[in-house]
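A.B. asks: No letters, just coordinates:
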């Protein structure tokens, strides 16, 4: 039983190697800090895809020398150097050639234009509508009639450009329960929004109940609430 616990806690390493692990970990910790400082990392929320790959590469190169005695620190330092050179080289190429930047980091995408979804662009992204609405709500958006443009940045963040207060129009409400309140009976001269694309119309008896923008048939009552930010 003692041997099983000992093997579980220490594996093949002896007690003396614990001191080596502490030293190795401390050294790799300092090396990571130095290399991140050299690479000029931004906040984790702002990391691009390429920068995230660099972080994962550094972490992978740093981890093994910390706990495996057969892997020396020089091996990790060599891997760090290669990663740093690749990063600096690709950064230079990205600066000089726009097509490389688009290939590595992607492009900004207009998700909302003039208060409604750019459906073709949104379909290309992995962001779900619920996640996107959450991002908008965190920026004080009550309905899409407030939003002139919303842009999905290459970092995954959403930039929102609002209409001026007096220009706010009717739009699709995005509170969590709003899209569940689909309308079955329409009132004349009342504004309704398509639940799929945000297209907003003023209903008349001549209106079709099929959205001409996306062919959706579900509508909710639109809102033009003026929200203070």
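C.D. replies: Looks like it arrived, so ask away. It should be emphasised that the depicted structure is a prediction, and the values quoted were computed from it without experimental measurement. Numbers count the residues shown, from 1 in each chain.

A.B. asks: and the nearest residue to residue 213 once chain neighbours are set aside, how far is that from residue 208?
C.D. replies: Leaving aside its chain neighbours, residue 213 sits nearest to residue 199 (4.3 Å; criterion: C-beta to C-beta, 6 or more residues apart in numbering). Placement of C-beta: from N, CA and C, glycine included. Distance of residue 199 to residue 208, computed by C-beta to C-beta, to the nearest Å: 12 Å.

A.B. asks: who has more neighbours, the two?
C.D. replies: Taking neighbours as other C-beta atoms under 10 Å, residue 199 and residue 208 compare with residue 199 leading, 23 against 8.

A.B. asks: pretty sure that one contacts residue 211?
C.D. replies: Yes. Using C-beta atoms under 8 Å, residue 199 is in contact with residue 211, at 5.2 Å.

A.B. asks: returning to what we had before: next up, the contacts around the residue nearest to residue 213.
C.D. replies: 116, 193, 211, 212, 213, 214 (C-beta atoms under 8 Å, 6 or more residues apart in numbering).

A.B. asks: Not counting its own residues, what contacts stretch 204-218?
C.D. replies: Contacts of stretch 204-218 (C-beta under 8 Å, 6+ apart): 116, 119, 182, 186, 188-189, 194-197, 199, 201, 219.

A.B. asks: if you skip the residues just before and after it, what's nearest to the residue nearest the centre of the chain?
C.D. replies: Nearest to the geometric centre of the chain sits residue 156, at 2.9 Å (C-alpha atoms, centre = their mean). Of all residues not flanking residue 156 in the chain, residue 127 sits nearest, at 7.9 Å (C-beta to C-beta, 6+ apart).

A.B. asks: For burial, what's the neighbour tally of that neighbour?
C.D. replies: 15.

A.B. asks: will you turn the contacts of residue 199 into JSON lines that also has distance to residue 169, secondary structure and neighbour count?
C.D. replies: Putting the contacts of residue 199 into JSON lines (distance: C-beta to C-beta, whole Å; DSSP: H, G, I helix; E, B strand; the rest coil; neighbours: other C-beta atoms under 10 Å) gives the following:
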{"residue": "116", "distance to residue 169": "11", "secondary structure": "strand", "neighbour count": "21"}
{"residue": "193", "distance to residue 169": "11", "secondary structure": "strand", "neighbour count": "30"}
{"residue": "211", "distance to residue 169": "17", "secondary structure": "coil", "neighbour count": "21"}
{"residue": "212", "distance to residue 169": "18", "secondary structure": "coil", "neighbour count": "11"}
{"residue": "213", "distance to residue 169": "16", "secondary structure": "coil", "neighbour count": "15"}
{"residue": "214", "distance to residue 169": "19", "secondary structure": "coil", "neighbour count": "16"}
